[in-house]
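Enquirer: sequence and predicted model, in that order:
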Amino acid sequence: MLPLLLLGLSTVLAVQSAAPMLERRTFKAPDGSTMRYGIAVPADYDATRPRPLVVALHPGGGGTPYYGDGFMRSIFFPGLSELGPVMIAPDAPEGNWINARAEQSVMALMVAVADEFAIDRRRILVVGFSLGGRGAWYLSARHTDRFSAAIVMAGRSEEPLADLARIPTYVIHSRDDQVVPFAQAQDRVRALERMGRPIGFDPLAGVGHYDMGDYLPALRRGARWVGERWTPASRP
């Protein structure tokens with residue numbers, strides 16, 4: 001019996017040792033305000049091996065402190081763990097990702113984290129769901145020099161079509177989304193395909209807008225799609 005107990009204990013310890021480092025932090029934004037954010041660092045992080053950086057943008061409704069951190073732990077990090085990234089999930093300033101304050105704060109946070117950790121600046125991904133998907137479209141359109149991929153989940157875009165998907169962009173949207181209509185996503189993806197942009201599309205069915213957990217398999221497919229488009233020699 002004792003050997004079996006020891007085997008079970010060693011298994012538990014092995015699982016625990018493989019868990020990522022998760023923290024809740026604060027950051028002084030350029031305008032002097034305080035931004036709350038969560039960070040996840042892989043258990044096997046090694047400062048001699050630069051990692052991808054993922055910026056995860058939460059959906060709307062956030063009023064609770066560290067709202068983004070909760071979505072990072074439950075959806076974004078599990079869905080994108082195959083990439084082996086350092087991941088940050090800020091709280092949206094004033095509940096918005098698409099204004100100058102949010103943009104400056106997120107970009108400044110990225111710089112601070114890249115200065116602290118070994119980050120491969122050729123592999124920086126922005127991902128978001130719903131309001132966060134809108135933010136992923138917005139930031140990836142405006143900062144093609146900083147981001148090298150984007151994953152947009154159930155997110156509407158208002159940017160000119162010519163500004164979109166100039167970097168590899170994977171779009172996940174459900175035909176049964178009752179909040180953000182599927183048609184715009186499909187139409188824009190098809191138009192971007194005709195333009196020769198690096199765009200991937202993962203249309204879902206039977207998934208409602210608030211069934212975010214049901215997006216996990218598609219998010220994992222998105223992670224593989226992005227990984228294939230990053231330079232193989234630079235992967236961890």
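Expert: Good, I have the coordinates.

Enquirer: and the helices in this protein, which stretches?
Expert: For the chain, the helices defined by DSSP state H occupy 2-17, 67-71, 77-80, 100-116, 131-142, 182-194, 216-229.

Enquirer: among the ones you listed, which is nearest Asp31?
Expert: Closest approach to Asp31 among those (C-beta to C-beta): helix 100-116, 6.2 Å. From N, CA and C alone the C-beta is placed, and that goes for glycine too.

Enquirer: so which bits of that closest one are buried?
Expert: Judged by neighbour count (16 or more other C-beta atoms under 10 Å), helix 100-116 contains these buried residues: 101-103, 105-106, 108-110, 113-114.

Enquirer: could you work out the end-to-end span of stretch 162-179 for me?
Expert: End-to-end span of stretch 162-179 (C-alpha to C-alpha, to the nearest Å): 25 Å.

Enquirer: remind me, longest strand of this protein?
Expert: Secondary structure assigned by DSSP state E gives strand 119-129 as the longest strand of the chain.

Enquirer: from the chain's centre, how far out does that strand sit?
Expert: 7 Å (C-alpha atoms, centre = their mean, to the nearest Å).

Enquirer: okay, now the sheet partners of it, with direction.
Expert: When pairing is defined by DSSP bridges, strand 119-129 lines up against strand 51-57 (parallel), strand 149-153 (parallel).

Enquirer: export the longest one to PDB, keeping only CA atoms.
Expert: Coordinates of each C-alpha in strand 51-57 appear next as PDB, following Å, rounded to 0.1, in the frame of the first residue of the first chain:
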ATOM      1  CA  ARG A  51       9.400  32.700 -25.400                       C
ATOM      2  CA  PRO A  52       6.400  34.000 -27.300                       C
ATOM      3  CA  LEU A  53       4.400  36.800 -25.600                       C
ATOM      4  CA  VAL A  54       0.600  36.600 -25.700                       C
ATOM      5  CA  VAL A  55      -1.600  39.700 -24.900                       C
ATOM      6  CA  ALA A  56      -5.000  38.400 -23.800                       C
ATOM      7  CA  LEU A  57      -8.000  40.800 -24.000                       C
END
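
Enquirer: just the buried residues of it, please?
Expert: By neighbour count on 16+ other C-beta under 10 Å, the buried set for strand 51-57 is 51-57.

Enquirer: mean confidence score for that strand?
Expert: What strand 51-57 shows for mean pLDDT is 98.

Enquirer: the inter-axis angle of it versus helix 100-116?
Expert: Per axes from the mean of the first three to the mean of the last three C-alpha atoms, to 10 degrees, the angle that strand 51-57 makes with helix 100-116 is 160 degrees.

Enquirer: likewise the last one?
Expert: Between strand 149-153 and helix 100-116, the angle comes out at 130 degrees (the same axes, to 10 degrees).

Enquirer: against Gly84, how distant is Arg134?
Expert: Here the criterion is C-beta to C-beta, to the nearest Å. By it, Arg134 lies 27 Å from Gly84.

Enquirer: sorry, back to before: adding distance to Tyr66, write the strands paired with strand 119-129 out as TSV.
Expert: As requested, the strands paired with strand 119-129 are exported to TSV (distance: least, C-beta to C-beta, whole Å):
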stretch	distance to Tyr66
strand 51-57	13
strand 149-153	20
